[in-house]
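Q: make a model of this:
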Amino acid sequence: MKNLVNFLSLEDVETTEIFIHLKCSKTEAEMLQFLAKQYMQGEDDFVVLSLLQELYSVDDFEHLEHLNELKNLLELGWIHQQSFTPLKISEVTPLELLNTAVGLTPSFLRLLQEGSLESDLPEVSPYADHLEYLQDQFFRIELYQKMSVIRQNVHEHSLGIDRLQAKMKLLETRIDERVAQTSENLVLDKFFKAKKMSNSEQVIFIALLREEYSATDDSLARDECTYRPNIF
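A: Numbers count the residues shown, from 1 in each chain. Here you go, the predicted model:
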């Protein structure tokens, strides 16, 4: 918990150990620091207006000037709305956030606890069979889908997008290294190379294949329920 204590105790937030990972301004980091202190006191969420009034002067409505910075924290994925009817962040105006409640996201809490958001992929080793290769390829599709969801809700350069792109790059490098170490021919990889498919074409093909696998699994599950004998 040293990262948590460090973040809560240092007056200059720019000197905290996790500041470099936040990719935000000093003012935005101070908002996160305030919310983290409230979280430690049992406050899971905080009304935006109250947060701004606590941190900034209300004279001449100075506190309202920081709404854009708070919206940026939402887009970066460090805080989220506590609402039964969440707004699409990319479309909401900063003023619409004023009377909503926000809280720290699991990603930020993990950063406080571990000091990093990077997750290590398993050690590189040859593929035991074609199914192992498919699992890694299907994982690629899951990452692309997650990036698509983020793009629909926040801006293109969200920190969430950056993290997923970094993870994607690691995964694709790992796939290439495992293929190089595998002595037996992998049918799908051989097919890609024979057809000289580009990366985009491979992704489309794998996505369609994954959908086909999912449809087959659902069909088998339904058939099993239909034909399973009643043992009672």
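Q: look up how far residue 39 lies from residue 75.
A: Residue 75 sits at a distance of 20 Å from residue 39 (criterion: C-beta to C-beta, to the nearest Å). Just so you know, the C-beta spots here come from the backbone N, C-alpha and C atoms, and that holds for glycine as well.
Q: go on, residue 13?
A: Counting by C-beta to C-beta - residue 13 and residue 39 are separated by 16 Å.
Q: go on, residue 204?
A: Taken as C-beta to C-beta, the span from residue 204 to residue 39 is 42 Å.
Q: who's more crowded, these two?
A: residue 39 (19 against 13; other C-beta atoms under 10 Å).
Q: can you check the pLDDT for the closest residue in space to the more buried one that isn't next to it in sequence?
A: The shortest distance from residue 39 to any non-neighbouring residue, by C-beta to C-beta, 6 or more residues apart in numbering, is to residue 104 (5.8 Å). Confidence at residue 104, expressed as pLDDT, is 92.
Q: secondary structure element for the nearest residue to residue 22 once chain neighbours are set aside?
A: Distance criterion C-beta to C-beta, 6+ apart; nearest residue to residue 22, sequence neighbours excluded, is residue 29 at 5.5 Å. Taking DSSP states H and E as the criterion, residue 29 maps to helix 26-40.
Q: residues of that helix that come out buried?
A: For helix 26-40, the neighbour count (16 or more other C-beta atoms under 10 Å) marks 28, 29, 30, 31, 32, 33, 35, 36, 38, 39 as buried.
Q: list the residues that contact the third one.
A: So the one you mean is residue 30. Neighbouring residues of residue 30 by C-beta atoms under 8 Å, 6 or more residues apart in numbering: 13, 55.
Q: so how far is residue 106 from it?
A: 21 Å.
Q: show me where the protein has its helices.
A: All helices of the chain, identified by DSSP state H, fall at 2-9, 19-22, 26-40, 48-55, 67-76, 106-114, 130-153, 159-181, 187-195, 199-227.
Q: quick one: which of those helices is nearest residue 94?
A: helix 67-76 (3.6 Å; C-beta to C-beta).
Q: residue 21 and residue 111, how far apart?
A: Distance from residue 21 to residue 111, by C-beta to C-beta: 6 Å.
Q: quick one: pLDDT of residue 134?
A: Reported pLDDT for residue 134: 91.
Q: residue 2 now?
A: At residue 2, pLDDT is 90.
Q: equivalent analysis for the one 4 residues further on, please.
A: What the model reports as pLDDT for residue 6 is 93.
Q: who's in contact with stretch 208-215?
A: With contacts defined as C-beta under 8 Å, 6+ apart, stretch 208-215 is touched by 134, 138, 141.
Q: and the closest residue to the first one other than its chain neighbours, what pLDDT?
A: Of all residues beyond its chain neighbours, the one nearest residue 134 is residue 188 (6.9 Å), with distances taken as C-beta to C-beta, 6+ apart. For residue 188, the pLDDT comes out at 91.
Q: run a quick neighbour tally on residue 188.
A: Residues near residue 188, counting by other C-beta under 10 Å: 15.
Q: do residue 23 as well
A: Residue 23, neighbours per other C-beta under 10 Å, totals 15.
Q: can you tell me how far it sits from residue 34?
A: 18 Å.
Q: try residue 47
A: For residue 47 relative to residue 34 (C-beta to C-beta), the value is 13 Å.
Q: one more: residue 6?
A: Taken as C-beta to C-beta, the span from residue 6 to residue 34 is 16 Å.
Q: kind regards, and thank you for your time.
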